[in-house]
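>>> this one's sequence-less:
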């Protein structure tokens, strides 16, 4: 949070010539850099998100401490069924996570979705399976850093971008070396794998271009195009060493039996997959229920528990049972029925804002119905409301004007082997800051006064 810096930036935009030159360059840059998601402009805002060096240092400390606790959840889940049951894995998912990926990290690349306010820093979700946005953020840094208004702003402030594609490449290569048990002898071929026609295909192209410029042959393909023969996975005759898996498990399961090459190669240890199927363990939103439930406190250090209490919202799977609420024994259903103003219902395993009911946006009847539906579904969780962040941003309208509008500000630190290395910010007019649901993104700059 840096109100003084925001005010300075917005003052600069009062210069119409500077603002128009910046808007035109932004539009041109977005088109040239393929910053398009599902056919629409991904960053329809004329200001990036600013975070102070002090705040960001705290964010890194919090994220990395909580991440060490998350890795322990993975270790406990692999060791026995107790934690697995609390995460809500299905039988087939359990079978997939039981396969050893050949390296220790549960999710070499991950994204923590969070809100930073003047008084709090709170997580709302973790994307531990296939986090998008790394290459988009890099391209956005290039564009925003070139804007005339940003160059004027940089006369008064130190601005630090956090590029992430090189960190993603480092993660792929270090995971592969751990998988091999030795240093690389030749550049491995990387396959970026997802379904055809996904809205993130432009990001795959940005990654492929970056990998190849760094000397690593790369291909974008679908599971349907893969072939597994003689213990080698290939596509169109090109043998694959590393799979950069952007394919979600939920999207692979319906076609897995018909197109098993990816699973067969992974099970045989013929490829290094990042992130592996094991990342499904922590991609489940019930991860936060494990972190915040006292019955699992023995997994964590006192420092980790303190960070969890301060930054991870109280979360439970929706069941007819008694549970703990910060030391109080409560009937879970009665407790959440009576307090919808402070609760959100979420499916345990979905994305894009689908299936979410925000308690303070519905009346009591609607809230009761949502709870009943969650119970009937059997795989929903309830999460306590956290303080959300809002800031005014110069949004670009369809006819090219600049309109200052309040936005929900969702800060998304990106972790690479458990260390924060980059970040971007999602903005939305609604209470769901999700690009899949129509939100936008801007790059996050770490700044300080000169």
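Cool, the structure landed. Please read these numbers as outputs of a predicted model, since none were measured by experiment.
>>> what about stretch 148-159, average pLDDT?
Mean pLDDT, computed over stretch 148-159, is 97.
>>> residues in contact with stretch 136-145?
25-26, 29-30, 33-35, 37, 42-43, 48, 150, 159, 161-165, 202-203, 206, 210, 414, 422-424, 441-445 (C-beta atoms under 8 Å, 6 or more residues apart in numbering). Every residue, glycine included, has its C-beta placed from N, CA and C.
>>> distance from the chain centre to it, please.
A distance of 18 Å separates the centroid of the chain from that of stretch 136-145, by C-alpha atoms, centre = their mean, to the nearest Å.
>>> now it: buried residues?
For stretch 136-145, burial by neighbour count (16 or more other C-beta atoms under 10 Å) applies to 136, 137, 138, 139, 140, 141, 143, 144.
>>> again, but for stretch 276-296
Result for stretch 276-296 [16+ other C-beta under 10 Å]: buried residues 276-293, 296.
>>> what about this structure, any weak spots by pLDDT?
In the prediction, the chain carries residues with pLDDT under 70 at positions 1, 36-40, 351-353, 431-439.
>>> can you pull up the most central residue in it?
Nearest to the mean C-alpha position of the chain, by C-alpha atoms, centre = their mean, lies residue 111 at 3.4 Å.
>>> so who does that one touch?
126, 127, 131, 133, 412, 413, 414, 415.
>>> could you say which helix or strand holds the closest residue to the second one other than its chain neighbours?
Of all residues beyond its chain neighbours, the one nearest residue 127 is residue 111 (4.3 Å), with distances taken as C-beta to C-beta, 6 or more residues apart in numbering. Secondary structure here is read from DSSP states H and E; on that basis residue 111 sits in strand 109-116.
>>> centre of the chain to that strand, how far?
6 Å.
>>> which neighbours in the sheet does it have, and how are they oriented?
strand 121-127 (antiparallel), strand 402-416 (antiparallel) (DSSP bridges).
>>> tabulate the buried residues of stretch 136-145 (TSV), appending secondary structure.
Converted to TSV, the buried residues of stretch 136-145 look like this (DSSP: H, G, I helix; E, B strand; the rest coil):
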residue	secondary structure
136	helix
137	helix
138	helix
139	helix
140	helix
141	helix
143	helix
144	helix
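>>> neighbours of residue 449, how many?
12 (other C-beta atoms under 10 Å).
>>> hang on, isn't it packed against residue 154?
No: applying C-beta atoms under 8 Å as the test, residue 449 and residue 154 come out as separate, 11.7 Å apart.
>>> in helices, which of the buried residues of stretch 276-296 fall?
Among those, DSSP state H puts 280, 281, 282, 283, 287, 288, 289, 290, 291, 292 in helices.
>>> can you tell me how far the third one sits from residue 264?
Distance from residue 282 to residue 264, counting by C-beta to C-beta, to the nearest Å: 25 Å.
>>> the second one now?
In this structure, residue 281 and residue 264 are 22 Å apart, going by C-beta to C-beta.
>>> do the fifth one as well
Using C-beta to C-beta, residue 287 is found at 28 Å from residue 264.
>>> please apply the same query to the last one.
Separation of residue 292 from residue 264 (C-beta to C-beta): 38 Å.
>>> what's the closest of the contacts of residue 111 to residue 386?
residue 126 (13.9 Å; C-beta to C-beta).
>>> so that closest one touches residue 106, yeah?
No: look at residue 126 against residue 106 with C-beta under 8 Å: they stay out of range, at 10.8 Å.
>>> now do the strands in the stretch 351-450 of the chain.
357-358, 380-384, 390-396, 402-416, 419-428, 440-449 (DSSP state E, counting those that start in this stretch).
>>> what comes up buried for the longest one?
Pointing back at strand 402-416 there. Neighbour-count burial for strand 402-416 [16+ other C-beta under 10 Å]: 402, 407, 408, 409, 410, 411, 412, 413, 414, 415, 416.
>>> so the fifth one touches residue 426, yeah?
If I follow you right, that is residue 410. Yes: with contact defined as C-beta under 8 Å, residue 410 counts as touching residue 426 (4.3 Å).
>>> okay, and which of the contacts of stretch 136-145 map to helices?
25, 26, 29, 30, 150, 165, 202, 203, 206, 210.
>>> which one (most neighbours) among those residues?
That'd be residue 203 among the ones in helices among the contacts of stretch 136-145, by other C-beta under 10 Å, with 26 neighbours.
>>> next one: it from residue 166, what distance?
Applying C-beta to C-beta to residue 203 and residue 166 gives a distance of 15 Å.
>>> go on, residue 275?
For residue 275 relative to residue 166 (C-beta to C-beta), the value is 18 Å.
>>> which residues are contacting stretch 317-333?
86, 88, 286, 289, 293-295, 314, 316, 335-336, 345, 348, 371, 374-375, 379-382.
>>> what's the answer for stretch 283-292, then?
66, 69-70, 73, 83, 86-89, 107, 123, 125-129, 249, 281, 296, 308-309, 312-317, 346-349, 381, 383.
>>> redo that, cut-off 7 Å
69-70, 73, 83, 86-89, 125-129, 296, 308, 312-317, 346, 348-349, 381, 383 (C-beta atoms under 7 Å, 6 or more residues apart in numbering).
>>> narrow the residues you listed to those in strands?
By the criterion of DSSP state E, membership of the contacts of stretch 283-292 in strands covers 125, 126, 127, 315, 316, 317, 346, 381, 383.
>>> may I see the ChimeraX selection of the buried members of those?
The following ChimeraX line selects those of the ones in strands among the contacts of stretch 283-292 that are buried, judged by 16+ other C-beta under 10 Å:
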select :125,126,127,315,316,317,346,381,383
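>>> what's the most distant pair in the ones in strands among the contacts of stretch 283-292?
Going by C-beta to C-beta, the pair spanning those furthest: 127 and 316, at 20.7 Å.
>>> list the buried residues for the helix or strand hosting residue 19?
Per DSSP H and E, residue 19 falls inside helix 16-32. Of all the residues in helix 16-32, those buried under the rule 16+ other C-beta under 10 Å are 18, 19, 22, 23, 25, 26, 29, 30.
>>> in the stretch 151-300 of the chain, mark out all the strands, start to finish.
157-160, 190-193, 218-221, 226-229, 232-235, 238-239, 242-245, 272-274.
>>> to residue 115, which of the ones you listed lies closest?
strand 157-160 (21.5 Å).
>>> roughly how far out does that closest one sit from the chain middle?
25 Å.
>>> what packs against the helix holding residue 19?
If you count contacts as 3 or more C-beta pairs under 7 Å, 6 or more residues apart in numbering; DSSP states H and E, helix 16-32 packs onto helix 134-146, helix 148-153.
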